[in-house]
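Engineer: Need coordinates for the following:
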Amino acid sequence: MFNEIFSLILDTLSSLYLMIILMRFIFQLSRADFYNPISQFVVKATNPVLLPLRRVIPSMGGIDTASIVFAVGFQALVVVIKLLLLGNGMANPLFILAISAVMVLDVILNIYFWSLIIMIISSWIAPGSGHPALVLINQIVEPIMQPFRKLLPPMGGLDLSPILAFLAIKVLEVVVSGLHGQVLALAY
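Structural biologist: Numbering: from 1, shown residues only. Have a look, this model is predicted:
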């Protein structure tokens, strides 16, 4: 019973912090407003690890590689803790890194999926809202929506391009799920 409770707490807290790390990556990737209060919280929550890590791991092509390395490393640490908690012992480090990378990809896709849903609902309920969370969501979703809007421009005031974005995200989720299965198959 203690292991289940600890596992639940570990999953919840680690998922939240992993999401914060990945939000930092996504905010920088989409060039979201750095001075937004939510952005400032994310920066303050990740700076203690990312600032020293950036001295060692430089950005490549405008992509904050230190954030990705931090996210995969953090997820790997959580996987190791859970393996030890379940009494499975230490697994192959390459397996741990591979499964952690796939899990990070899955979280990134989930962030975009839910951000897209929030953007759509807020466009119905509170169009043009200046709420800091909605502003950030629009800033991170807009870069991925532009290619889909070129393929399917608004028709009669309706923007149907999110359907294509959802389809693309779901296809990527299937690919990530397949990778997850392949990594697990290699472990055994």
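Engineer: Can you report phi and psi for the most centrally placed residue in the chain?
Structural biologist: Note on the chain: the residue nearest the mean C-alpha position is Ile108, at 2.6 Å, using Cα atoms, centre = their mean. Dihedral angles of Ile108 (phi, psi; degrees, to the nearest 10) stand at phi -60, psi -40.
Engineer: same question, Met155
Structural biologist: phi -120, psi 120.
Engineer: now do Met90
Structural biologist: phi -80, psi 130.
Engineer: Also Leu158?
Structural biologist: Residue torsions, per degrees, to the nearest 10, at Leu158 are phi -100, psi 130.
Engineer: which parts of stretch 53-70 are buried?
Structural biologist: Under the neighbour-count criterion of 16 or more other Cβ atoms under 10 Å, stretch 53-70 has 53-54, 57, 64, 66-68, 70 buried. To be clear about C-beta, it is placed using only N, CA and C from the backbone, and glycine gets the same treatment.
Engineer: Break down this protein into its helices, ranges please.
Structural biologist: Ranges of helices in the chain, per DSSP state H, are 2-29, 37-56, 65-85, 93-125, 132-151, 161-187.
Engineer: Pull out the buried residues from the longest one.
Structural biologist: If I follow you right, that is helix 93-125. In helix 93-125, counting by 16+ other Cβ under 10 Å, buried: 95-109, 111-113, 115-116, 119, 122.
Engineer: pLDDT weak spots in the protein?
Structural biologist: Flagging of the chain using pLDDT under 70 yields the residue ranges 187-188.
Engineer: let's see 90
Structural biologist: Low-confidence segments of the chain, defined by pLDDT under 90: 1-8, 32-34, 58-64, 81-96, 120, 123-131, 149-163, 179-188.
Engineer: Need the contact partners of stretch 16-27.
Structural biologist: If you take Cβ atoms under 8 Å, 6 or more residues apart in numbering as the criterion, stretch 16-27 is touched by 32, 34, 39, 42-43, 45-46, 50, 64, 67-68, 70-71, 74-75, 78, 104, 107-108, 111-112, 136, 139-140.
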